[in-house]
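> Give me the fold of what follows.
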Amino acid sequence: MEVSEHVSALQRDGELLATAAQQAGLMSAVPSCPPWQVRDLLRHIGYVHRWAAGYVVEQRRERMPDRPGETELLAGGPQDGGLLDWYRAGHAALVTALTEANPDLACYYFLDAPSPRAFWARRQAHETAIHRIDAELAAGGQPTPVGAQFGDDGLDELVIGFFGRDAEQLTAAQRAGGRRTLQVVADDTGGAWHLELTGDGGLAVAVQRGTVQGGTGAADCTLTGPAAGLYLLLWNRADPAAASVAVSGDASVLAAWQQEMHVTWE
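All right, here's what the predicted structure looks like:
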């Protein structure tokens, strides 16, 4: 996806998030992020938007050393009466920052990307889309579907970006022992990913694009379905049935992923 497409998605999903949060009410539970309430969701994403915009606008080359932990983050922000307006202001500022950023922007970023601007646009588009889904679930409605291309892009970021990075940092002891394999096949976009997990399924040992040996029988568990559904499933925002995803092989591998694999602020 192009930077402009990611920025457009960020703008759209950020506005949908605000609408859903207002409909749900600040004290409503966020079922996909227990024990959060909507007020916690807004404080989290509102801070993240400002944090990301800081790197882009200030062209910071190093990682900010004083980033608050999740508990501190959720205790901050404005009082409830001003929370939605505060969130909207931070979201709009991030959209503006990425829209106006020079393509040659040099600043800190933490996953492989063609450029810092491309990284921040992609990361914040998917961060906002997932939390927009959280807000819509809190409001009691069906989440607005993501597009197939966006879902495929988000799967690649999750698998190759986040879990590929984690795999590179494993110790020899963590790599030792049995392996379990999970294969993900998007049948509408052609996207495919293969993951080697530790024996308990708790850590990714290696990740790659494509299927092993060109088929779906080379993995302990294979997930097949539309990219948008797989995106929700692997981000733990839907079960296989709701995501229209077929699970073949050992379903306990997927269960281990859902239990152990999390992207957290910490």
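> what pLDDT does residue 262 get?
Looking at residue 262, its pLDDT is 76.
> quick one: it and residue 185, what's the gap?
23 Å (CB to CB, to the nearest Å). Glycine gets a C-beta too; all of them are placed from N, C-alpha and C.
> The two - which one has more neighbours?
When neighbours are counted by other CB atoms under 10 Å, residue 185 comes out ahead of the other of residue 262 and residue 185, with 24 against 11.
> so where is the chain shaky, pLDDT-wise?
213-217, 265-266 (pLDDT under 70).
> in the chain, which spans are helices?
For the chain, the helices defined by DSSP state H cover 3-24, 38-58, 70-75, 83-100, 116-138, 148-156, 164-168, 172-175, 227-234, 240-243, 251-260.
> Can you tell me which of the ones you listed is most buried?
Using mean count of other CB atoms under 10 Å, the stretch among the helices of the chain with the largest mean neighbour count is helix 227-234, at a mean of 26.
> Counting by contacts, list what that helix packs against.
When contacts are defined as 3 or more CB pairs under 8 Å, 6 or more residues apart in numbering; DSSP states H and E, helix 227-234 sits against helix 148-156, strand 179-186, strand 221-225, helix 240-243.
> Extract the C-alpha set from the last one and format it as PDB.
This file holds the C-alpha atoms of helix 240-243, laid out as PDB (Å, rounded to 0.1, in the frame of the first residue of the first chain):
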ATOM      1  CA  PRO A 240     -12.700 -18.400  13.200                       C
ATOM      2  CA  ALA A 241     -16.500 -18.600  12.500                       C
ATOM      3  CA  ALA A 242     -17.000 -14.800  12.700                       C
ATOM      4  CA  ALA A 243     -13.900 -14.300  10.600                       C
END
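> roughly how far is stretch 162-170 from the heart of the chain?
Relative to its chain's centre, stretch 162-170 lies at 15 Å (CA atoms, centre = their mean, to the nearest Å).
> Not counting its neighbours along the chain, what's nearest residue 211?
Excluding its sequence neighbours, the residue lying closest to residue 211 (CB to CB, 6 or more residues apart in numbering) is residue 192, at 4.8 Å.
> before we move on, what about residue 181?
Of all residues not flanking residue 181 in the chain, residue 219 sits nearest, at 4.2 Å (CB to CB, 6+ apart).
> which ones are touching the one you found?
Applying CB atoms under 8 Å, 6 or more residues apart in numbering, we find residue 219 in contact with 181, 182, 183, 194, 211, 212, 249.
> do that again at 10 Å, thanks
Neighbouring residues of residue 219 by CB atoms under 10 Å, 6 or more residues apart in numbering: 180-185, 194-196, 211-213, 248-250, 253.
> still on that earlier bit, as TSV, the helices of the chain with distance to residue 207 would be great.
Output for the helices of the chain, formatted as TSV (distance: least, CB to CB, whole Å):
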stretch	distance to residue 207
helix 3-24	22
helix 38-58	24
helix 70-75	26
helix 83-100	27
helix 116-138	17
helix 148-156	10
helix 164-168	5
helix 172-175	14
helix 227-234	12
helix 240-243	20
helix 251-260	12
